[in-house]
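> Model the structure of this input:
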Amino acid sequence: MPKLIEIKPLQNFRLWLRYDDGTTGEVDFSDLAGRGVFKAWENEEFFKEVRIGSHGELIWGEDLDLCQDSVYLRLTGKSPEDVFPTLKTGVNA
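Down below sits the predicted model:
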């Protein structure tokens, strides 16, 4: 799985991302904003404080994070089987 190496917060719950495989682009997270734990994003300054965690996850504060794998899939439109070919065959790595 490519590793997240750069992130920039944008307006309207969007993030610009760069992965170490050269993949870049913007992801819109407005569908999550205001729901459950993502209610914290209603504070725009809090959303802008996003950072990359030690495992590549996106982190806000101490208790809110998103897995870099799921964000990569969202950015690229790929399925888990596209990124992890062994899922297609059921073969364990």
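
> Give me the phi and psi angles of the residue lying closest to Glu42 once chain neighbours are set aside.
Computed as CB to CB, 6 or more residues apart in numbering, the closest residue to Glu42 that is not its neighbour in sequence is Gly34, at 5.8 Å. To be clear about C-beta, it is placed using only N, CA and C from the backbone, and glycine gets the same treatment. Backbone torsions of Gly34, given as degrees, to the nearest 10, read phi 80, psi 0.

> Can you name the next helix or strand after the longest helix belonging to the chain?
Longest helix of the chain, by residue count under DSSP state H: helix 68-76. Scanning forward in sequence from helix 68-76 by DSSP states H and E, the next helix or strand is helix 80-83.

> Quote the end-to-end distance of stretch 11-30.
For stretch 11-30, the separation between the terminal residues is 10 Å (CA to CA, to the nearest Å).

> Now it: buried residues?
13, 15, 17-19, 27, 29 (16 or more other CB atoms under 10 Å).

> Same question for stretch 52-69.
For stretch 52-69, by 16+ other CB under 10 Å, it's 52, 56-60, 64-66, 68-69.

> Closest to Glu44 out of those?
Of all those, Glu44 sits closest to Trp60, with 11.9 Å by CB to CB.

> Give me the neighbour count for the residue nearest to that closest one when sequence neighbours are not counted.
In space, and not counting its chain neighbours, Trp60 is closest to Val50: 5.6 Å by CB to CB, 6+ apart. By the criterion of other CB atoms under 10 Å, Val50 has 19 neighbours.
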